[in-house]
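1. here is a sequence together with a model predicted from it:
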Amino acid sequence: MRYREDAITGEMGAPIVNEGMLTGTALYALLVGIGICIVGIRTGLIWATLMGGSLAGVSAVYLGAVVLGYA
């Protein structure tokens, strides 16, 4: 074998994303979703309004779960 069995350190499948990164991504998605929703309303594009509203809604639910301690 090329490496000794005890040469590998760390756990297999160790997480590389922490809670702060997930919360930041959800906050960014909330802002982008609100922006897309506003653009959809102003231009009359129903799909953009639905997509932006869905993105903002899901992000708001996740952020609410983080604040309440469920996530």
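-> All right, it came through fine. Residues are numbered from 1 along each chain as shown.
2. how about the strands in this structure?
-> Per DSSP state E, the chain carries no strands over any range.
3. show me the shaky parts of this protein.
-> 1-15 (pLDDT under 70).
4. what are the ranges of the helices in it?
-> 19-43, 46-68 (DSSP state H).
5. reformat the ones you listed as TSV; add mean neighbour count.
-> Heads up, the C-betas are built off the backbone N, CA and C, glycines and all. Below are those laid out as TSV (neighbours: other C-beta atoms under 10 Å):
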stretch	mean neighbour count
helix 19-43	14
helix 46-68	15
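6. what's the closest non-adjacent residue to Ala56?
-> In space, and not counting its chain neighbours, Ala56 is closest to Gly33: 3.2 Å by C-beta to C-beta, 6 or more residues apart in numbering.
7. brain fart, Ser54
-> Gly33 (7.4 Å).
8. what separation is there between the one you found and Glu19?
-> 21 Å (C-beta to C-beta, to the nearest Å).
9. run through who's touching stretch 58-71.
-> 19, 22-23, 26-27, 29-30, 33 (C-beta atoms under 8 Å, 6 or more residues apart in numbering).
10. please read the previous query as pertaining to stretch 31-46.
-> 47-57, 59.
11. swap in 7 Å and give it another go.
-> The contact list for stretch 31-46 (C-beta atoms under 7 Å, 6 or more residues apart in numbering) reads 48-49, 51-53, 55-56, 59.
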